[in-house]
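J.: Give me a 3D structure for the following:
(one chain, ligands or ions: 1)
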Amino acid sequence: MKRVGLVTGANRGIGLEICRQLGEAGYAVVLGSRDAARGEKAAAELRAEGLEVHVQELDVTDAAAARRVAAFVEGELGRLDALVNNAAIALDPEDSLETVDPEVMRQTLETNFLGVLHGCQAFLPMMRRQEYGRIVNVSSGRGSFSKLAAGGPCYRISKTALNALTVILADELKETNVLVNAMTPGWVRTRLGGLKAPRSTAEGAETAVWLAMLPDDGPRGKFFRDREEFPW
Ligand code: NAP
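T.: Modelled structure (predicted):
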């Protein structure tokens, strides 16, 4: 039976590339997209490369949608081996906590933090039943607590919270074969990263794919960049 991986926010950018690399590694890929048509367009690209891709409409801010996708995956594909929580927004690049619209903070936390919680809660029962799971939280160096500084406070705080979720969830699951880790892709050329970024999506995706396929004795509750531990 093929292993199955789901990537959120996968219709473009790093998420799409994570799907490609998982597919190339032999996984059946579930490509999560908040817009079904954009998801199908991205999937067509991967299918043309010979990869198995299933599109699921998934707005990560919608907990019920995450549960519906989990039911689809269990019913149609039988299992979920890897959940890559990749979807995110960055709405406040130049803002400060003094002036930021609290609504932007709410939206950012809803997507970048609660969105991950929704995915984990929807898929963990299946991972526990099958006694196997890899959860990869795509975080950012900008959320590293030891490096926090002014600029983009909503995005930064959402990723710091995501890092905390990673450590706590990994500890809650320490008696299981479900490994939870976070990674940062570095500064990557995407709509979020901009054109000046030095890294390709292939470079940005690689560590997430490695974490999605960790052996049973692999790390848990750690933060990585380029397969090396990165400071929280
Ligand atoms: P991107 O090109 O802007 O892609 C973001 C993806 O997230 C898009 O597919 C977008 O869908 C999706 N998304 C946003 N809100 C969503 C929601 N509510 N539900 C479902 N999907 C949603 O960004 P990227 O650079 O590939 O970023 C991927 C991940 O890497 C993010 O977690 C980001 O924080 C992290 N990261 C990126 C960089 C960088 O330099 N690029 C650096 C550090 C960390 P739509 O197309 O529908 O908008």
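J.: Tell me who's in contact with the spatially most central residue of the chain.
T.: Nearest to the geometric centre of the chain sits Asn85, at 2.0 Å (C-alpha atoms, centre = their mean). Asn85 is in contact with Thr8, Val60, Gly115, Val116, Gly119, Cys120, Ile135, Val136, Asn137, Val138, Leu162, counting by C-beta atoms under 8 Å, 6 or more residues apart in numbering. (Each C-beta comes from the backbone N, C-alpha and C, glycine too.)
J.: roughly how far apart are it and Pro102?
T.: According to C-beta to C-beta, to the nearest Å, Asn85 and Pro102 sit 24 Å apart.
J.: likewise Tyr132?
T.: As judged by C-beta to C-beta, Tyr132 and Pro102 stand 41 Å apart.
J.: Could you pick out the residues of the chain near the ligand for me?
T.: Neighbours of the ligand within the chain, by C-beta under 6 Å from any ligand atom: 8-9, 11-15, 34-35, 38, 58-61, 86-89, 111, 115, 138, 140, 184-185, 187-188, 190-193, 197.
J.: Are any of the residues you listed buried, and if so which?
T.: Buried members of these, counted by 16 or more other C-beta atoms under 10 Å: 8-9, 11-15, 34, 58-61, 86-89, 111, 115, 138, 140, 184-185, 187-188, 190, 192-193, 197.
J.: Out of the residues you listed, which sit inside strands?
T.: Among those, the ones falling in strands (DSSP state E) are Val138.
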